[in-house]
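# Structure for this input, please:
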Amino acid sequence: MSVHRRLTIATGAVLLSLAVSGCSGLGRSMVGTVSYETAHDIEVTVTSPVVRGCHRLSPGGATRVRNATLVDMRLFRTRDCRGPNIYVATRTSDQIAPGTLPWRSYSVVH
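Numbering: from 1, shown residues only. Got it, this is the predicted structure:
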């Protein structure tokens, strides 16, 4: 095997390992969908949102949230994922009680 071919194979292996590690790092996503209903009865569906960070829901908030992903999440009544929250396991949903504030953000439990 020539030196040029060995270098090409080695370079390819390095690039492949970098690509694989990049996919499992900060860019990981929830597999599935997060669906929610707004106060105006509009259905919103987000497909495979990223795992990290705080995710805002519509400006008016959500009255019902369905977690059809493979990971659990927490719902917050604030826009910045702070304060009291509700735990929503994978493949379950939650609806606000009448007269309470809507959900305004969520984060992923990982």
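
# mind checking pLDDT for Thr45?
pLDDT recorded at Thr45 is 97.

# what do you get for His110?
Note on His110: pLDDT of 81.

# gap between it and Leu70?
Using CB to CB, to the nearest Å, His110 is found at 11 Å from Leu70. Glycine gets a C-beta too; all of them are placed from N, C-alpha and C.

# phi, psi of Leu101?
Leu101 adopts backbone torsions of phi -70, psi 150, taken as degrees, to the nearest 10.

# residues in contact with the residue lying closest to it once chain neighbours are set aside?
Leaving out its chain neighbours, the residue that sits closest to Leu101 by CB to CB, 6 or more residues apart in numbering is Arg77, at 4.7 Å. Arg77 is in contact with Gly61, Gly83, Pro84, Leu101, Pro102, Trp103, Arg104, counting by CB atoms under 8 Å, 6 or more residues apart in numbering.

# filter those residues to the buried ones?
Gly61, Pro102, Trp103, Arg104 (16 or more other CB atoms under 10 Å).

# Report the beta-bridge partners for Glu43.
Beta bridges link Glu43 to Glu37 when assigned by DSSP bridges.

# Rebuild the buried ones among the contacts of Arg77 as JSON lines, extending it with pLDDT.
Shown next, in JSON lines, are those (pLDDT from 0 to 100):
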{"residue": "Gly61", "pLDDT": "96"}
{"residue": "Pro102", "pLDDT": "97"}
{"residue": "Trp103", "pLDDT": "97"}
{"residue": "Arg104", "pLDDT": "97"}
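
# Which members of the contacts of Arg77 are the farthest-apart pair?
Taking CB to CB as the measure, the contacts of Arg77 span a maximum distance of 14.7 Å, between Gly61 and Pro84.

# where do the helices sit along this protein?
3-23 (DSSP state H).

# what sits against the residue minimising distance to the centre of it?
For the chain, Pro49 is the residue whose C-alpha lies nearest the centre (CA atoms, centre = their mean; 3.5 Å). Pro49 makes contacts with Ser29, Met30, Val34, His55, Val108, as judged by CB under 8 Å, 6+ apart.

# Give me the distance between it and Ser105.
Separation of Pro49 from Ser105 (CB to CB): 12 Å.
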